[in-house]
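**Q** need the 3D shape of this:
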Amino acid sequence: MKKQRTALVDRQYRLPFVLLTSLFFLWGFAHAILDVLNKHFQEMLDISKTHSAFIQVTMYMGYFVMAIPAGLFINRFGYRSGVVFGLLLYGIGALLFIPGQYFVSFNAFLFALFVIGCGLTFLETAANPYVTELGAKETAASRLNFAQSFNGLGCICAPLLVGLFLFSDNKEHPNSVAFPYVCMGILVLLVACVFLRVRLPEIVHQTEIDDQGKRVSLWSHRLFVFGLIALFAYEVAEISINSFFINYVVEQNWMNARYASLILSFGGLGLFMLGRFLGSWIMRRIRAEKMLFWCATGTVLTTTVVLLDMGIVSLIALLLGYAFEAIMFPTIFALALKGLGSHTKRASSFLMMSPVGGVVGPLLMGFVADHTASMVWAFAVPWVAYAVVWLYARKMLSVAKR
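**A** Numbering: from 1, shown residues only. From the prediction side, this is the model:
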């Protein structure tokens, strides 16, 4: 059943929407750099895939540790304060790569990434639910997908720019890794100054009351709980695949790490960004639940082809998987927040704990790869995770049809 077209963003919220959309680019850039660092540190420090996975583990652990404090902070001080504080942490963490470079210390780099992860938690806990509120409820998923499309643009730019920089020579230079982070840190702190001078209108929700006059618990919303699980599963799949994409392509003897980073940027993450723009457009015409179901089906099928190890066909399937998964995070996020009212900010903080999947996924995938001596079998980890998302999508589709 087709939906009647509605304005994506209410007129009075257009400026806040534009400003917040810029943040999606910044944290997309921060996430995608990790995929290049993973391979870079393996070669620079001569460490295993499991060890290098701690790059993702440390940064995404910041989400798990800081998600609840971020929700409490935003509940008390508002969305704008959450954004500014997140940008400050992000910028400071990026600049901490300077002492990390000086000491050439893997642990120092990990600490800097943890601080960045804490900053991104504040940014995403504030920006994701705020964007869903800047217009009609029926366009919430489409609106968040559109904003998240610029996250995809950041994901393209990071492997392209940083990958070319780090893999520019046959022999890599261990002291070069701080430069892109310093540039990023300065930019982020400048953006924080802009947000300090801009007023973002707060969204006020009514408290949900049951028939007995008692406040309804967040955890009584079962679809929210299922959405939280599905979002965690998605993060396991997405982050683990991104973490070892370069490893997979190189070990299949298709190309070297430098060209693999270009394929990741223009191929996988390019399709990812296009998938979000296209998904946002489609969801203004059909139900978000139906879109999520068919995209989840696509990721399960494409990951199956990778597991079957069909040569270049598997690489094509893996790249197509980026297009299918593109709408998953914003769509699950928006559906999980649907109808939560005054619980929205708190629920958002719990949903932002889901990137802890970035701790679990790469470790599991690295462990499987190290113990099977093949990156192919490691794709069983994202296959299971995508299957969980498919079950959630099927449930939400059945609810929407009632």
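
**Q** how about stretch 347-360: buried residues?
**A** For stretch 347-360, the neighbour count (16 or more other CB atoms under 10 Å) marks 347-360 as buried. In this view, the C-beta of every residue, glycine as well, is placed from N, C-alpha and C.

**Q** looking at it, residue 122 is touching residue 83, isn't it?
**A** Yes - at 7.3 Å, residue 122 and residue 83 qualify as touching, with contact defined as CB atoms under 8 Å.

**Q** C-alpha coordinates for the host helix or strand of residue 333, CSV please?
**A** Assessed by DSSP states H and E, residue 333 sits inside helix 328-337. What follows is helix 328-337, C-alpha atoms only, in CSV (Å, rounded to 0.1, in the frame of the first residue of the first chain):
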residue,chain,number,x,y,z
MET,A,328,19.1,-0.8,8.4
PHE,A,329,20.5,1.3,11.2
PRO,A,330,18.3,4.5,10.7
THR,A,331,15.2,2.4,9.9
ILE,A,332,15.5,0.1,12.9
PHE,A,333,16.4,3.1,15.1
ALA,A,334,13.3,5.0,14.0
LEU,A,335,11.0,2.0,14.3
ALA,A,336,12.3,1.2,17.7
LEU,A,337,11.5,4.8,18.9
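
**Q** who are the packing partners of that helix?
**A** Packing contacts for helix 328-337, counted by 3 or more CB pairs under 8 Å, 6 or more residues apart in numbering; DSSP states H and E, involve helix 106-132, helix 140-166, helix 222-251, helix 288-307, helix 344-351, helix 380-400.

**Q** mind giving me the packing neighbours of the helix ranked longest in the chain?
**A** Under DSSP state H, the helix in the chain containing the largest number of residues is helix 14-45. The contact analysis (3+ CB pairs under 8 Å, 6+ apart) places helix 14-45 against helix 49-52, helix 54-77, helix 79-95, helix 106-132, helix 140-166, helix 178-196, helix 222-251, helix 257-262.

**Q** low pLDDT regions in the protein?
**A** Filtered on pLDDT under 70, the chain yields the residue ranges 1-6, 35, 38-40, 43-45, 49, 104, 159-160, 162-176, 203-216, 402.

**Q** the longest helix of the chain to helix 222-251, inter-axis angle?
**A** Angle, helix 14-45 to helix 222-251, by axes from the mean of the first three to the mean of the last three CA atoms, to 10 degrees: 40 degrees.

**Q** next, the angle helix 106-132 makes with helix 14-45.
**A** Using the same axes, to 10 degrees: helix 14-45 against helix 106-132 is 160 degrees.

**Q** okay, angle between helix 14-45 and helix 178-196 too, please.
**A** Using the same axes, to 10 degrees: helix 14-45 against helix 178-196 is 160 degrees.

**Q** pull out the buried positions in stretch 129-144.
**A** 129-135, 139-144.

**Q** nearest to residue 78, of those residues?
**A** The shortest gap between residue 78 and any of the buried residues of stretch 129-144 belongs to residue 130, at 9.9 Å (CB to CB).

**Q** surely the closest one meets residue 80?
**A** No - between residue 130 and residue 80 there is no contact under CB under 8 Å: 9.3 Å.

**Q** any residues in contact with both of these two?
**A** Both residue 130 and residue 80 are contacted by residue 200, under the criterion CB atoms under 8 Å, 6 or more residues apart in numbering.

**Q** show residues contacting stretch 192-206.
**A** With contact meaning CB under 8 Å, 6+ apart, stretch 192-206 is reached by 12-13, 15-16, 19-20, 78-80, 83-84, 87-88, 91, 130, 133, 341-344.

**Q** cutoff 10 Å now
**A** Applying CB atoms under 10 Å, 6 or more residues apart in numbering, the external contacts of stretch 192-206 come out as 12-13, 15-16, 19-20, 22-23, 78-91, 119, 126, 129-130, 132-134, 340-345.

**Q** what's the burial count for residue 41?
**A** 22 (other CB atoms under 10 Å).

**Q** that one touches residue 106, doesn't it?
**A** Yes - between residue 41 and residue 106 there is a contact at 6.8 Å, judged by CB atoms under 10 Å.

**Q** tell me which helix or strand residue 253 sits in.
**A** Counting by DSSP H and E, residue 253 is found in no helix or strand.

**Q** show me what contacts the nearest residue to residue 298 once chain neighbours are set aside?
**A** Nearest non-adjacent residue to residue 298, counting by CB to CB, 6 or more residues apart in numbering: residue 324, 3.4 Å away. For residue 324, the contact set (CB under 10 Å, 6+ apart) comprises 271-272, 275, 279, 294-303, 386.

**Q** one more pass at 7 Å, please.
**A** For residue 324, the contacting residues are 275, 295, 298-299, 302, by CB atoms under 7 Å, 6 or more residues apart in numbering.

**Q** what residues of the helix or strand it falls within count as buried?
**A** Using DSSP H and E, residue 324 falls within helix 312-325. Going by neighbour count (16+ other CB under 10 Å), the buried part of helix 312-325 is 314-315, 317-325.

**Q** same list, these, but as CSV with distance to residue 154 please.
**A** Output for these, formatted as CSV (distance: CB to CB, whole Å):
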residue, distance to residue 154
314, 27
315, 24
317, 25
318, 21
319, 19
320, 21
321, 20
322, 15
323, 17
324, 20
325, 16
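
**Q** among those, which one lies nearest to residue 52?
**A** Closest to residue 52, out of all of these and judged by CB to CB, is residue 318, at 19.8 Å.

**Q** so the closest one touches residue 306, yeah?
**A** Yes - judged on CB atoms under 7 Å, residue 318 makes contact with residue 306 at a distance of 5.2 Å.

**Q** circling back to that earlier point, so which residues make contact with the helix holding residue 333?
**A** For helix 328-337, the external contacting residues (CB under 7 Å, 6+ apart) are 128-129, 132, 140-141, 144-145, 148, 224, 227-228, 230-231, 234, 288-289, 291-292, 295, 344, 347-348, 351, 389, 396.
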